[in-house]
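A.B. asks: Here's a sequence, model it:
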Amino acid sequence: MKTYTIILALILTCSTAIFAQGDCSKYYPFNSDVKAEITSYDKKGKKTTSVNYTVKSVNNNIATIATEVYDKKGEFITNTEYDIECTEEGISIDFKSMFNNQLLKQYKDMDLELTGNNINLPNNLTPGTTLPDANLDMVVKTGAIKLKMFIKMTNRKVLGNETVTTPAGTFDCVILTNDTEIKMGIKSTTKYKQWIAEGIGMVKSEDYNKNGKLISTNILTKFKN
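C.D. replies: Purely as a prediction, here's the structure:
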């Protein structure tokens, strides 16, 4: 469960990675031809993991995103899928669907309950804007044993603008920040800073611990539209 929580945190960080410009959203519309690779590095700049994103299907206003996670040697770790809904304001990521595939396999003989709200990402990303919080509560029951995990994304803000260069190109970006708290017995808090570009999605992100020290960096290393 701990390993999956770490992988989920990585996917949450990069969940806006694969969208190109279209009718749905200025930053995150649906496009079945778009693929992206996000590569993660530790605080010393050494590669740790990579995540490949592909739009698996688009049905009406719902897109299903498939992700594959690989270690630093390119060995497959895990995969998952999540749903994104096109709304009048932008997109809405189904927080619960990020868990469903892997958890249903891992806890298929147990009682699993997921509750929470979506991660909303509007078209209007003006510096100084505060974005809605998101949360997910999970309870797993097996006999007399009950496991609980809680995830909260708070303090979601639009910080400003900056130009960023990665192996995938040079992009004019909007900077987003948020705090993510994961509690499963022990509580951990991570501060995220993301750079997203119009017509691309996430270009770069940095993860910090609660004391403001850099934990990891995630970079858009490939993009295909």
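A.B. asks: show me the contacts for residue 75.
C.D. replies: Applying CB atoms under 8 Å, 6 or more residues apart in numbering to residue 75 gives no contacts. From N, CA and C alone the C-beta is placed, and that goes for glycine too.
A.B. asks: can you check residue 192 too?
C.D. replies: Taking CB under 8 Å, 6+ apart as the test, what residue 192 contacts is 13, 176, 177, 178, 179, 180, 205, 206, 207, 208.
A.B. asks: Residues in a beta bridge with it, which ones?
C.D. replies: Beta-bridge pairing for residue 192 (DSSP bridges): residue 178, residue 207.
A.B. asks: what's the neighbour count on residue 201?
C.D. replies: When neighbours are counted by other CB atoms under 10 Å, residue 201 registers 28.
A.B. asks: What distance do you get for it to residue 176?
C.D. replies: To residue 176, residue 201 is 11 Å away according to CB to CB, to the nearest Å.
A.B. asks: quick one: buried residues of stretch 150-160?
C.D. replies: For stretch 150-160, the neighbour count (16 or more other CB atoms under 10 Å) marks 151, 152, 153, 156, 158, 159 as buried.
A.B. asks: C-terminal to the helix or strand of the chain with the lowest mean pLDDT, what's the next element?
C.D. replies: Within the chain, no helix or strand scores below helix 2-13, which has a mean of 51 by mean pLDDT, DSSP states H and E. Going down the chain from helix 2-13, the next helix or strand is strand 35-42, by DSSP states H and E.
A.B. asks: helices or strands up against that next one?
C.D. replies: Packing partners of strand 35-42 (3 or more CB pairs under 8 Å, 6 or more residues apart in numbering; DSSP states H and E): strand 47-59, strand 214-224.
A.B. asks: can you give me the offset of the last one from its chain's centre?
C.D. replies: Meaning strand 214-224. Counting by CA atoms, centre = their mean, to the nearest Å, strand 214-224 is centred 12 Å from the centre of its parent chain.
A.B. asks: Tell me which strands it pairs with, and in which orientation.
C.D. replies: With DSSP bridges as the test, strand 214-224 pairs up with strand 35-42 (antiparallel), strand 201-209 (antiparallel).
A.B. asks: Mean pLDDT and distance to residue 65 added to those strands, as TSV?
C.D. replies: Shown next, in TSV, are these (pLDDT from 0 to 100; distance: least, CB to CB, whole Å):
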stretch	mean pLDDT	distance to residue 65
strand 35-42	92	10
strand 201-209	92	11
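A.B. asks: Switch those strands over to a markdown table; also include distance to residue 91.
C.D. replies: Converted to a markdown table, these look like this (distance: least, CB to CB, whole Å):
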| stretch | distance to residue 91 |
| --- | --- |
| strand 35-42 | 15 |
| strand 201-209 | 10 |
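A.B. asks: just the angle between the strand ranked longest in the chain and strand 35-42, please?
C.D. replies: Counting residues, the longest strand in the chain under DSSP state E turns out to be strand 145-166. On the basis of axes from the mean of the first three to the mean of the last three CA atoms, to 10 degrees, strand 145-166 is oriented at 100 degrees to strand 35-42.
A.B. asks: Give the rounded mean pLDDT of strand 145-166.
C.D. replies: The pLDDT scores in strand 145-166 average 92.
A.B. asks: Mind listing the residues bridging to the closest residue to residue 94 other than its chain neighbours?
C.D. replies: In space, and not counting its chain neighbours, residue 94 is closest to residue 83: 4.3 Å by CB to CB, 6 or more residues apart in numbering. With DSSP bridges as the criterion, residue 83 is bridged to residue 64.
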